[in-house]
Structures are given as C-alpha cells and as structure tokens.
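**Q** following is a predicted model, sequence given first.
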Amino acid sequence: MTAVDVRETNRRVIEQFRAGGEVEGMHRERLALLTTTGRISGEPRTVPMMVHRDGTRWLVVASNVGAPRHPDWYLNLEADPRVRVEVDGREFDAEALPLLGADYVRTWTELEKEYPFLADHQAKARQARRVIPIVELSEED
C-alpha cells in the first residue's frame, strides 16, 4: 500500500481548484479553500475542504476523519478567527464562528443525513472525548 502525501494532494487540489477546471477525485461544488493564519508561524495556511451550503451560510466541519485531535486549520482559527474563503467562484474575508447549542445539534443532524460518513467520524472522535466542531464562515462586510 502506498502512503498518501497529504501536502502534495492538497497542493494539487488547490492548484486545480484555482485553475477553475475539474478537481481530480472531488466534487468541485462541495469544495472550498480556507486560508487561516498559522497560530505558531503567523503565515497564511490554505487547505482544501468540503463545504456545505445551509441557506445563506457556508459551513465547514472539523472532522479530521475522526482523529483524536482537531485539525490544524481549526486550531489556527481558534487563535485567529479571521479567514479567507474561496468558494463557488468567489473569494471573501470571513469570520469563522463555531456553532453552539441547539444550532449545532440541528445542523449536525442535517449534515449526518446528507453525509452519512460523518457518523463514523463522530464515533471515532467520541472515543477520544472530542466533539467535532462545525464552523460557519460568516462573510465580513
């Protein structure tokens, strides 16, 4: 079995996404690029990720495939919630706001129905006592 080079895969996806064409192995309409500020380096860090449109809201899920810790991009936005979003042919600055309470529960239920694999991610994360965050990317005026 060949190990996947995540950095190389992300580089390829980012390049294909920005070129405007097909993104190999992914659904372009469910893809966004999120640029955070590195909490340690202070440098911009761009990652491709699945995005979900909920009415007027853009949402991303910090599942990290159910790993015991949050993904680096989420840790970065905890330190600085100002992000840059590239999605749906647009680019904008946003504030990353984790969902809480009833909004989180309602949204998680809807996301799990649409993306059943999230239930597996949540089960794995719970073993490590981690709740998977859902983040709204709120466009700044």
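**A** Cool, got the structure. Numbers count the residues shown, from 1 in each chain.
**Q** next one, pLDDT for the residue nearest the centre of the chain please.
**A** Nearest to the geometric centre of the chain sits Val60, at 4.0 Å (Cα atoms, centre = their mean). pLDDT, Val60: 96.
**Q** tell me which residues of the helix or strand containing it are tucked away?
**A** If you go by DSSP states H and E, Val60 is part of strand 57-61. By neighbour count on 16 or more other Cβ atoms under 10 Å, the buried set for strand 57-61 is Trp58, Leu59, Val60, Val61. Backbone N, C-alpha and C define where each C-beta goes, glycine included.
**Q** and it, what does it pack against?
**A** strand 31-37, strand 44-54, helix 101-114, strand 134-139 (3 or more Cβ pairs under 8 Å, 6 or more residues apart in numbering; DSSP states H and E).
**Q** what's near enough to touch Pro71?
**A** Pro71 makes contact with Val47, Ala62, Ser63, Asn64, according to Cβ atoms under 8 Å, 6 or more residues apart in numbering.
**Q** out of those, who has the most neighbours?
**A** Most neighbours among the contacts of Pro71, by other Cβ atoms under 10 Å: Ser63, with 25 neighbours.
**Q** and the nearest residue to that residue once chain neighbours are set aside, what element?
**A** In space, Ser63 comes closest to His121 once its chain neighbours are excluded; the distance is 4.1 Å by Cβ to Cβ, 6 or more residues apart in numbering. Following DSSP H and E, one finds His121 within helix 117-127.
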